[in-house]
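Asker: got a sequence here, can you build the structure:
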Amino acid sequence: MVELSGFLQNGKLTATLVEKESDDPSGAEVKTKGTIDAVLAIDQFTMGDLTIAFDNSTELEDMPSITATADWIGLSVEVEGTLTDAANLFAESIELEGGTFADNVENVQIEGVVAEFNSLSSFKISGQLVDASSSEFEPSSLVSTLGDGMRIEVEGPIVNGFLEATEVESRGGDVKVTAAVASMDVSAGLFTVNITAGNPLTVTVNSQTLMDDERSSEPLSLSLLNEGDVVEVNAVANGDGSIVATHVKREDERIKGVGALYCRYDWE
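Answerer: You can find the predicted model right below:
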């Protein structure tokens with residue numbers, strides 16, 4: 001067994017400290033948050049690489065009744081329990097994070113992972129049924145790429161148990177790039193970063209883009225960026241080769257010289 005300190009989510013731990021105590025992980029008490037990926041039985045589900053079992057002694061907080069294996073798929077939960085081995089956990093408590101809403105609510109916003117996607121008019125986020133058939137999409141390409149596993153934010157009223165989405169926005173991003181800013185166009189709401197010499201990538205920023213600054217506690221805006229600033233961008237790709245940023249973070253470091261290359265690029 002090892003003692004771990006770190007961050008546990010979706011059944012995976014990013015460790016900041018590892019200290020060996022014994023060779024047997026069984027009996028270790030853990031707490032984890034994440035999204036239910038699959039329900040294996042009425043009393044067993046998976047979250048990331050972790051298989052979680054429960055029984056009548058498990059405390060269920062705000063959890064819907066489970067009568068079919070699909071009922072809990074996509075729910076965001078917090079689980080506390082005891083490891084029976086490295087890949088299995090017995091839950092002492094399971095708490096719903098977020099949850100579904102009552103009928104006929106005027107307007108709600110939910111961010112989560114898409115599950116049970118059948119069509120734009122029928123899918124779930126954190127257990128809430130969603131109809132996005134008449135919604136606006138940001139970026140517009142999301143209307144043809146939406147599917148299970150994508151992280152989005154939806155907004156709209158609840159009518160007869162369905163969230164009738166008026167807006168659907170990508171929040172996860174399928175592109176992640178860390179690079180130096182090459183140019184800015186504040187009026188157009190975009191900037192470029194250097195990927196390779198002579199091949200800049202255009203990044204569009206809109207009112208939904210979250211912007212953070214490691215250099216200052218003040219909010220970051222496009223007008224505050226400078227050539228050579230290193231930024232980490234999470235974004236979704238457009239068909240024209242540009243990307244729409246869901247999150248931009250300016251890092252402490254800065255690259256001197258316009259056109260300097262500094263890039264880490266990841267298409268998920």
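Asker: so what does Gly189 look like in phi/psi?
Answerer: phi 70, psi 40 (degrees, to the nearest 10).
Asker: oh, that last question was meant for Ala86, not what I typed.
Answerer: Torsion angles, degrees, to the nearest 10, at Ala86: phi -60, psi -20.
Asker: pLDDT score for it?
Answerer: As predicted, Ala86 sits at a pLDDT of 81.
Asker: tell me, how many residues neighbour it?
Answerer: Using other CB atoms under 10 Å, Ala86 has 13 other residues around it. Just so you know, the C-beta spots here come from the backbone N, C-alpha and C atoms, and that holds for glycine as well.
Asker: from Gly34, how far out is it?
Answerer: Using CB to CB, to the nearest Å, Ala86 is found at 17 Å from Gly34.
Asker: then Ala115?
Answerer: From Ala115 to Gly34 the distance is 13 Å (CB to CB).
Asker: ok, now Leu89?
Answerer: 12 Å.
Asker: check Asn194 too.
Answerer: For Asn194, the distance to Gly34 - CB to CB - is 36 Å.
Asker: next: Val193.
Answerer: 32 Å.
Asker: repeat that for Trp72.
Answerer: 12 Å.
Asker: could you do Val175 as well?
Answerer: 23 Å.
Asker: ok, Ser76 next?
Answerer: 7 Å.
Asker: again, but for Glu80
Answerer: 13 Å.
Asker: between these two, point out the one with more neighbours.
Answerer: Using other CB under 10 Å as the criterion, Glu80 and Gly34 rank with Gly34 on top: 22 against 16.
Asker: so for Asp266, what's the pLDDT?
Answerer: Here, the pLDDT recorded for Asp266 equals 47.
Asker: an error on my part: the question was meant for Ile255.
Answerer: 60.
Asker: same question for Val193.
Answerer: pLDDT recorded at Val193 is 87.
Asker: wait, it touches Met184, no?
Answerer: No: using CB atoms under 8 Å as the test, Val193 is too far from Met184 to be in contact (10.5 Å).
Asker: counting by contacts, list what the helix or strand encompassing Thr32 packs against.
Answerer: Assigned by DSSP states H and E, Thr32 belongs to strand 29-35. Packing partners of strand 29-35 (3 or more CB pairs under 8 Å, 6 or more residues apart in numbering; DSSP states H and E): strand 2-9, strand 44-47, strand 76-85, strand 105-119.
Asker: and the helix or strand that comes right after that strand, what other elements does it pack with?
Answerer: Where DSSP H and E defines the elements, the next helix or strand beyond strand 29-35 is strand 38-41. Under the contact definition 3+ CB pairs under 8 Å, 6+ apart, strand 38-41 sits against strand 44-47.
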